[in-house]
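A.B. asks: Following is a predicted model, sequence given first.
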Amino acid sequence: MVDMKLLNKVSDELKKHHMTIATAESCTGGLLAHILTNISGSSEYFDRGVITYSNVSKIELLDVPEKILTDFGAVSEQVARAMAEGIRKRARVDIGVSTTGIAGPTGGTKEKPVGLVYVGVATHDTVSVKRFLFSGDRLQNKERACDATLSLVLEAFSNR
C-alpha cells in the first residue's frame, strides 16, 4: 500500500511552490500517475503521465537515445536519467520523474534481479537517480517504487 502521508506531503509541496510534475513510467505501469491524481486538487500540479514500457516508446516519446538503451539496457541508471529529463522537457514541467525496473515475478537475471528499480527525478537544475532493490511480489515492488519516487521528489524540494 502506498504511503498516503508521503503522497500528501508531495502534493502540499507542489501546491505550495506552484510547481508542476509529469511522470514517465515503465515498471510501475501508470501506478505513479494514478496515485498522484488520487489527491483532490492534483490538477494544480499534475500535467501528464506516459507509460513507456517498450524501448521504442522510450525513444519516441521521451527522446531516450537508442545507444543508451543498447549499451546499458532499459533497466539502468542511464535510462532512468534520460526518461526523467525527457518527460520534464517534453511536458515543460518543473519536475519530471521516471521509473524503470523489473517488477517480477519473472524477467530477472543475476545482474538485474527481480525487484531492481531505478527512479529518476529531473528538475531545471539537477537530475538524480537512485537504485533500489525491493523484495516483494509484483504489486508490492510497484508500490514501493512509487513510494521511493515520492521520497525523491520530497528530497528535491529540500535540496532547493
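C.D. replies: Arrived safely, thanks for sending.

A.B. asks: only C-alpha atoms for contact and neighbour calcs from this point on.
C.D. replies: OK.

A.B. asks: show me where the chain has strands.
C.D. replies: 21-25, 46-51, 95-101, 116-122, 127-133 (DSSP state E).

A.B. asks: what's the pLDDT at the nearest residue to Ser54 once chain neighbours are set aside?
C.D. replies: Among residues not flanking Ser54 along the chain, Ser26 sits closest, at 7.9 Å (C-alpha to C-alpha, 6 or more residues apart in numbering). Note on Ser26: pLDDT of 97.

A.B. asks: how about Ser26, what does it touch?
C.D. replies: Neighbouring residues of Ser26 by C-alpha atoms under 8 Å, 6 or more residues apart in numbering: 51-54, 98-101.

A.B. asks: just Ile59 next, same as before
C.D. replies: Here Ile59 is in contact with 65-66 (C-alpha under 8 Å, 6+ apart).

A.B. asks: how far away is it from Leu133?
C.D. replies: 25 Å (C-alpha to C-alpha, to the nearest Å).

A.B. asks: pretty sure Ile87 is touching Ala24, no?
C.D. replies: Yes: with contact defined as C-alpha atoms under 8 Å, Ile87 counts as touching Ala24 (6.1 Å).

A.B. asks: Between these two, which contacts overlap?
C.D. replies: Residues touching both Ile87 and Ala24 by C-alpha under 8 Å, 6+ apart: 96-97.

A.B. asks: show me where pLDDT drops low in this structure?
C.D. replies: 160 (pLDDT under 70).

A.B. asks: Give me the most central residue, it.
C.D. replies: The residue lying closest to the centre of the chain (C-alpha atoms, centre = their mean) is Ser98, at 2.5 Å.

A.B. asks: ok, that one to Asp137 distance?
C.D. replies: For Ser98, the distance to Asp137 equals 20 Å [C-alpha to C-alpha].

A.B. asks: Distance check, His124 against Ile95.
C.D. replies: Using C-alpha to C-alpha, His124 is found at 8 Å from Ile95.

A.B. asks: for Ala156, what are its contacts?
C.D. replies: By C-alpha under 8 Å, 6+ apart, the contact list for Ala156 reads 121, 123.

A.B. asks: State the phi and psi torsions of the residue nearest to Ser54.
C.D. replies: phi -120, psi -80 (degrees, to the nearest 10).

A.B. asks: And for His124?
C.D. replies: Backbone torsions of His124, given as degrees, to the nearest 10, read phi -60, psi -30.

A.B. asks: Many thanks, I have nothing further to ask.
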